[in-house]
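[1] Quick one, structure for this:
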Amino acid sequence: MIVKAWAALSLRGRLFLLALLPLLASLLLIAFAVRQQERDLATREHALVRASYMDARRTELKHYVDLAVSTVKPLLGRPGGERQALQLLSSLDYGPDGYFFVYDLQGHVLMHSRQPELIGQNLWELRDPQGRPSIQHLIAQAKAGGGYVDYMWRKPSSSLLAPKLGYVVAIPEWHWMMGTGLYLDGIEATMAELERGASKNITATLLWVGGVAVFGIALISAGALALNLSEHRTAEAKLRALARQVVRSQEDERARLARELHDGVSQALVSTKLLIESAQSDQASAARLQALALQRLNGTLAEVRHISHALRPALLDTLGLPAALQHLAREFDAAGGTHFEAAVLGEEVGLPDAVNTALFRISQEALNNAARHAKAATVRLTLRFERDGGLSLDVADDGSGFDADAVQAVADQGLGLRSMRERADALGARLRMTTGPGEGCRLAVTLSASALAAAA
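    Here you go, the predicted structure:
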């Protein structure tokens with residue numbers, strides 16, 4: 001399907017796609033690379049922010065607990081000191097969700113400033129939604145010398161379970177586990193905001209890439225449109241010029257035929273008519289006059305054959321292109337001056353009428369140009385049937401040649417070279433001309449086997 005669509009495209013369409021597809025592929029690769037790089041950068045940024053946040057929170061918690069320990073330490077050993085310490089700790093807080101809690105080492109709640117309904121309860125068997133014994137972990141960490149514990153706890157401000165980072169220490173004198181904690185749902189909100197920001201940045205970058213792609217496509221389309229318009233105007237100008245040349249050529253050919261018919265055929269027929277009339281009125285000279293009239297008629301017939309052959313050689317239809325080219329070369333050679341010769345190489349095969357006509361006209365024009373302009377001693381025409389089924393026509397002379405840079409200008413202005421090129425293009429053939437001052441001239445037309453098959 002893709003191959004058929006590609007084959008159906010014009011040359012301009014193929015060139016447009018060949019210019020557009022690499023641009024789109026490059027932009028897609030750039031967009032993919034940018035997206036991956038930004039995602040990797042956002043992932044690293046999130047990791048750094050989380051690590052920095054957690055380090056700061058751990059340091060903050062340790063400072064809070066150290067402050068609480070220093071507050072209750074003077075009360076150790078005093079009568080009623082334990083009760084005073086619990087009152088002091090219940091009064092310490094830092095924000096709506098920042099508070100201290102105290103448990104004994106068996107899991108009984110001794111003080112909880114935000115959830116006083118828990119005081120006196122034994123929460124040793126309390127477990128979070130994942131089944132982890134939260135209080136047992138806190139007490140175990142306190143007995144081990146103190147430290148940090150991650151667990152789930154209900155947030156006082158929202159009454160919802162939230163991840164929490166706690167720091168606990170043991171007060172051996174009173175058999176306490178004392179600590180505080182910070183809820184971590186804030187950092188999750190911060191990470192979500194960073195993720196939204198990164199997504200916005202990626203989207204903006206992709207939009208920029210898309211904008212560049214649209215701009216590039218617009219530029220290519222504008223360039224292609226301008227090129228098409230320019231070529232269209234050039235083609236129209238060439239077509240108009242060609243039409244004028246064709247019309248002029250037709251008129252010239254009609255004038256030439258009119259002159260030849262009037263000066264040659266018409267005069268010969270008038271002379272023959274007079275001879276016949278004289279023979280009818282002069283019986284004594286009738287035989288001589290009739291013979292002379294017959295001679296004039298034969299000459300007239302030869303003149304008519306010459307004119308007819310110039311318009312469309314009968315040999316081309318009856319014997320084919322090789323015989324017609326050899327006859328054409330003999331006609332030019334008979335004119336004297338330059339020696340013309342034709343050769344046919346390879347195994348001859350039947351050719352389509354379009355190929356016969358086009359190659360004959362190209363040969364006729366090439367030999368005519370050589371006869372008029374080449375000043376050559378020898379002009380050789382070679383028709384070669386290739387082994388691969390192709391065909392080549394070669395016309396070479398040893399004349400003065402001309403400036404190769406002027407060939408294109410001549411081809412654009414004159415009908416001869418242009419008509420040869422257009423006939424070759426119509427067959428799908430390749431026409432090449434090699435020439436230079438003092439180097440002679442060589443015209444080569446090559447048809448592949450596929451071009452011959454397409455012309456059939």
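
[2] which ones are touching residue 335?
    Neighbouring residues of residue 335 by Cβ atoms under 8 Å, 6 or more residues apart in numbering: residue 371. For glycine as for every other residue, the C-beta is placed from the backbone atoms N, C-alpha and C.

[3] The helix or strand hosting residue 258: how far from the chain's middle?
    Here residue 258 is covered by helix 185-260, with elements defined by DSSP states H and E. The gap between where helix 185-260 is centred and where its chain is centred comes out at 12 Å by Cα atoms, centre = their mean, to the nearest Å.

[4] Next, the buried residues of the very next helix or strand once past it.
    Once helix 185-260 ends, the next helix or strand along the chain (criterion: DSSP H and E) is helix 267-281. Buried residues in helix 267-281, counting neighbours by 16 or more other Cβ atoms under 10 Å, are found at 268, 271, 272, 275, 276, 278, 279.

[5] So which helix or strand of this structure has the lowest pLDDT on average?
    Across the helices and strands of the chain, mean confidence by mean pLDDT, DSSP states H and E is lowest for helix 407-413: a mean of 54.

[6] Can you name the element that comes right after that helix?
    The helix or strand immediately downstream of helix 407-413 is helix 415-427, counting by DSSP H and E.

[7] What helices and strands are in contact with that following helix?
    When contacts are defined as 3 or more Cβ pairs under 8 Å, 6 or more residues apart in numbering; DSSP states H and E, helix 415-427 packs onto helix 185-260, helix 353-369, helix 407-413, strand 430-435, strand 441-447.

[8] next structured bit after the second one?
    What that stands for is helix 353-369. Next along the chain after helix 353-369, taking DSSP H and E as the criterion, comes strand 378-385.

[9] Buried residues, that following strand. List them.
    Applying a neighbour-count criterion of 16+ other Cβ under 10 Å, one finds 379, 380, 381, 382, 383, 385 buried in strand 378-385.

[10] Tell me what the third one is bridged to.
    When you say that, I think you mean residue 381. On the basis of DSSP bridges, residue 381 takes part in beta bridges with residue 342, residue 395.

[11] how about low-confidence regions in the stretch 151-300 of the chain?
    188, 198, 224, 242-243, 245-247, 249-250, 252-253, 256-257, 260-264 (pLDDT under 70).

[12] So which of the helices and strands packed on helix 415-427 is the most surrounded?
    strand 441-447 (a mean of 21; mean count of other Cβ atoms under 10 Å).

[13] ok, now which residue in this structure is the farthest from the centroid?
    When distances to the mean C-alpha position of the chain are computed (Cα atoms, centre = their mean), the maximum falls on residue 284, with 91.9 Å.

[14] Now for the residue lying closest to residue 127 once chain neighbours are set aside, how many residues are close by?
    If you skip the residues right next to it in sequence, residue 127 has residue 133 as its closest partner in space, 5.4 Å away by Cβ to Cβ, 6 or more residues apart in numbering. The tally of other residues near residue 133 (other Cβ atoms under 10 Å) stands at 17.

[15] quick one: residue 79 is in a strand?
    No: secondary structure assignment places residue 79 outside any strand; it is coil (DSSP: H, G, I helix; E, B strand; the rest coil).

[16] Local confidence estimate at it?
    The confidence metric pLDDT takes the value 86 at residue 79.

[17] and it, backbone torsions?
    When quoted as degrees, to the nearest 10, the phi and psi of residue 79 stand at phi -70, psi 130.

[18] which other residues reach stretch 143-154?
    Taking contacts as Cβ under 8 Å, 6+ apart, the residues outside stretch 143-154 that touch it are 58, 61, 65, 105, 115, 128-130, 132, 134, 137-138, 141, 160-170, 177, 181, 183.

[19] picking up where we left off before, please identify which of the buried residues of helix 267-281 is nearest to residue 251.
    Among the buried residues of helix 267-281, residue 268 lies closest to residue 251 (Cβ to Cβ), at 24.9 Å.

[20] So that closest one sits against residue 296, correct?
    Yes: here residue 268 lies in contact with residue 296, judged by Cβ atoms under 8 Å, at a distance of 5.6 Å.

[21] Tell me the spacing between the residue farthest from the centre of the chain and residue 278.
    Separation of residue 284 from residue 278 (Cβ to Cβ, to the nearest Å): 11 Å.
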